[in-house]
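# Generate coordinates for the sequence data below:
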Amino acid sequence: MKLLLVEDEEALRLTLVDSLRQGGYVVEVAATFAQAYEKVRLYQYDCVLVDLTLPDGDGLDIVRTLKADGSAAGVLVLTARDGLDDRVRGLDLGADDYLTKPFHLSELNARLRALLRRRQFQGQHHIVFRDLLVWPELAEVYVRGEPLTLTRKEYDLLLYFLANPGRLLTKEAVAEHLCGDQIDAADSFDFIYTHMKNLRKKLQEKGADGYIRTIYGVGYKLATEDAR
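The predicted structure is shown next:
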């Protein structure tokens, strides 16, 4: 899953980035309001973790921008402000959850997992799609009861499709989801084709053939039913 972390405290930012990336998330960072504003206008995220007290602006304005743009990203507010009024304002603006500093990394990860479940999979701890069963918190995938071994990128790719069943996903959207804004420096989308080929092959070997369809010249779609 792709996250944006908006945090101006360098030590905390580095700690959070390290923890979240170890958890398998693609993490982009913004240390200022200006950086965060630019990123939320340019890129799509599964969740934005935003500090309210930034050196050049109020983090609540980032929440306002996300909601005004119709973003589907979840919003988790991280802040040293513990006043009731600030919490109420953030939630009223559309934030999904609120975590007051200092906090334990285990609590942050638990709230983040819960937020993503609510946002993308209707709060379910497991995902059932046709012959697939996925346990996101365990990173386990089964096809017709048989375990499916995937690389991290293949797993992230499958979850992205499962969060968007039947929806056309462009090559650009897939690449950005897997790599974040680092995709801007990529010379081609060849790595996407490689991950897609390997994921399809592994699904096919387990009997889940034709799940991911290519829309030539545009992108890909997770088929909600068998086309045969």
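
# give me phi/psi at residue 97?
For residue 97, the backbone dihedrals are phi -160, psi 170 (criterion: degrees, to the nearest 10).

# Just give me the neighbour total for residue 21.
The burial count assigned to residue 21 is 12, neighbours taken as other C-beta atoms under 10 Å. (Glycine included, C-beta is placed from N, CA and C.)

# Tell me if I am right that it is in a helix.
Yes - applying DSSP: H, G, I helix; E, B strand; the rest coil, one finds residue 21 inside a helix.

# residue ranges with poor pLDDT in this structure?
81-84, 86, 120-124, 180-189, 226-228 (pLDDT under 70).

# Helices of that one, start to end?
Taking DSSP state H as the test, the helices found in the chain are 10-22, 33-42, 59-68, 84-93, 105-121, 152-162, 171-179, 190-205.

# Would you pull up how far the third one lies from the middle of the chain?
Per C-alpha atoms, centre = their mean, to the nearest Å, the displacement of helix 59-68 from the mean C-alpha position of its chain is 18 Å.

# Now do that helix: which elements does it pack against?
helix 33-42, strand 47-51, strand 74-79, helix 84-93 (3 or more C-beta pairs under 8 Å, 6 or more residues apart in numbering; DSSP states H and E).

# Around the residue lying closest to residue 139 once chain neighbours are set aside, how many other residues sit close by?
Among residues not flanking residue 139 along the chain, residue 155 sits closest, at 6.0 Å (C-beta to C-beta, 6 or more residues apart in numbering). Using other C-beta under 10 Å, residue 155 has 19 neighbouring residues.

# Contact partners for residue 155?
24, 139, 141 (C-beta atoms under 8 Å, 6 or more residues apart in numbering).

# ok, and the most crowded of these?
residue 141 leads those on contacts (other C-beta under 10 Å) with 24 neighbours.

# what's the spacing between the residue nearest to that one when sequence neighbours are not counted and residue 42?
Leaving aside its sequence neighbours, residue 141 sits nearest to residue 148 (C-beta to C-beta, 6+ apart; 4.3 Å). The gap separating residue 148 from residue 42 is 34 Å, by C-beta to C-beta, to the nearest Å.

# What is the nearest of the contacts of residue 155 to residue 225?
residue 141 (20.0 Å; C-beta to C-beta).

# On the strand side of things, show who the closest one bridges to.
residue 134, residue 148 (DSSP bridges).

# So that it lines up with my notes, have the first residue be 52 from now on.
OK, 52 is where the count begins now, so the last one is residue 192.

# tell me the contacts of it?
Residue 192 neighbours (C-beta under 8 Å, 6+ apart): 183, 184, 185, 198, 199, 201, 206, 209.

# Give me the buried entries from those.
Among these, the ones that count as buried by 16 or more other C-beta atoms under 10 Å are 183, 184, 185, 199, 201, 206, 209.

# Can you give me the domain assignment for this protein?
As given by automatic domain parsing, the domain ranges for the chain are 53-170, 178-273.

# and among these, the most buried is which?
Among the domains of the chain, ranked by average contacts under mean count of other C-beta atoms under 10 Å, first place goes to domain 53-170 (a mean of 17).

# How far does that one stretch from one end to the other?
Using C-alpha to C-alpha, to the nearest Å, the end-to-end distance of domain 53-170 comes out at 13 Å.

# list the contacts for residue 95?
So residue 95 contacts 53, 122, 123, 124, 224, 227, 228 (C-beta under 8 Å, 6+ apart).
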